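> Generate coordinates for the sequence data below:
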Amino acid sequence: MSDSLVIIPTYNEIENIEAITRAVFNLKTNFHLLIVDDNSPDGTAAKVRELQKEFQDNLFLEVRSEKAGLGTAYIHGFKWALHRNYEYIFEMDADFSHNPTDLLRLHTSCKNGADLAVGSRYKKGVNVVDWPLHRILLSYGASFYVKMITGMRIQDPTAGFVCYRKRVLENINLDSIRFVGYAFQIEMKFRAYLSNYKIEEISIIFRDRVRGKSKMSSSIVNEAIFGVLKMKIRSLIQKNRF
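Numbers count the residues shown, from 1 in each chain. This next block holds a predicted model:
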């Protein structure tokens with residue numbers, strides 16, 4: 001039995017899913033892996049079921065009926081993990097933009113006292129590879145904007161490569177999380193920040209996906225820009241009930 005679960009949400013990741021699964025299981029630490037698939041038409045879930053025959057005790061699959069957003073996929077995975085009493089719960093992309101070996105560093109950070117460890121692209125400058133300049137500027141600018149609005153001193157508040165201690169997720173009302181796109185990552189960190197959990201950033205190198213298509217869209221960007229301001233105002237009004 002492992003005390004650590006990596007959650008990977010997928011939609012049309014057939015080109016990456018086997019490689020990322022094997023990369024996680026090749027690590028020295030015994031991680032379990034949960035794939036939350038949004039009924040991918042490309043056969044992602046079928047490939048996971050095939051891999052489960054090889055990794056039957058470590059690889060798990062939850063298939064949702066339709067594409068319903070990154071945030072709801074992670075919340076589905078969080079509840080699954082809490083029900084099974086995992087102590088360390090990770091978020092990671094399927095496309096190798098996050099290096100699986102960095103799971104070990106996030107894990108160590110939480111074992112050494114952090115409540116939330118963030119794989120940060122911007123802790124030490126800009127550690128992003130193969131992104132066009134306009135996307136780097138958008139991402140870095142979004143991080144600056146979030147810090148300005150929320151007061152968080154996290155250099156990469158939109159990061160999607162993180163490790164949570166169980167107690168953090170237990171004490172966040174997951175059913176009240178409002179965002180479903182990348183702003184979900186901001187809201188989760190903001191909730192942890194307001195609850196005074198210890199947040200530590202671990203510098204990573206982020207690489208653009210090589211295979212498959214990005215899920216970024218204008219609606220996701222708009223949610224992050226306008227939603228963060230609403231989130232901050234709501235936290236001031238509701239205070240302890242946020």
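
> Show me where the chain dips below the pLDDT cut-off.
Along the chain, the model assigns pLDDT under 70 to residues 209-224, 239-242.

> Can you show me the helices along it?
For the chain, the helices defined by DSSP state H occupy 17-25, 44-52, 70-83, 103-111, 133-150, 166-170, 183-194, 218-238.

> Need those helices in CSV (columns: mean neighbour count and distance to I89).
Just so you know, the C-beta spots here come from the backbone N, C-alpha and C atoms, and that holds for glycine as well. Shown next, in CSV, are these (neighbours: other Cβ atoms under 10 Å; distance: least, Cβ to Cβ, whole Å):
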stretch, mean neighbour count, distance to I89
helix 17-25, 19, 14
helix 44-52, 19, 19
helix 70-83, 20, 5
helix 103-111, 19, 9
helix 133-150, 15, 22
helix 166-170, 17, 6
helix 183-194, 23, 11
helix 218-238, 15, 22
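
> Include distance to T158 when you put those helices into a markdown table, please.
Output for the helices of the chain, formatted as a markdown table (distance: least, Cβ to Cβ, whole Å):
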| stretch | distance to T158 |
| --- | --- |
| helix 17-25 | 21 |
| helix 44-52 | 24 |
| helix 70-83 | 11 |
| helix 103-111 | 16 |
| helix 133-150 | 6 |
| helix 166-170 | 18 |
| helix 183-194 | 5 |
| helix 218-238 | 7 |
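
> do you know which of the ones you listed lies nearest F96?
Closest to F96 of the helices of the chain, according to Cβ to Cβ: helix 17-25, at 6.5 Å.

> Against which helices or strands is that closest one packed?
Applying 3 or more Cβ pairs under 8 Å, 6 or more residues apart in numbering; DSSP states H and E, we find helix 17-25 packed against strand 4-10, strand 32-37, helix 44-52.

> Can you lay out these as TSV showing distance to F226?
Output for the helices and strands packed on helix 17-25, formatted as TSV (distance: least, Cβ to Cβ, whole Å):
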stretch	distance to F226
strand 4-10	23
strand 32-37	27
helix 44-52	32
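
> among the helices of the chain, which is nearest F90?
So among the helices of the chain, helix 103-111 is nearest, using Cβ to Cβ, at 6.2 Å.

> Okay then, goodbye and thanks.
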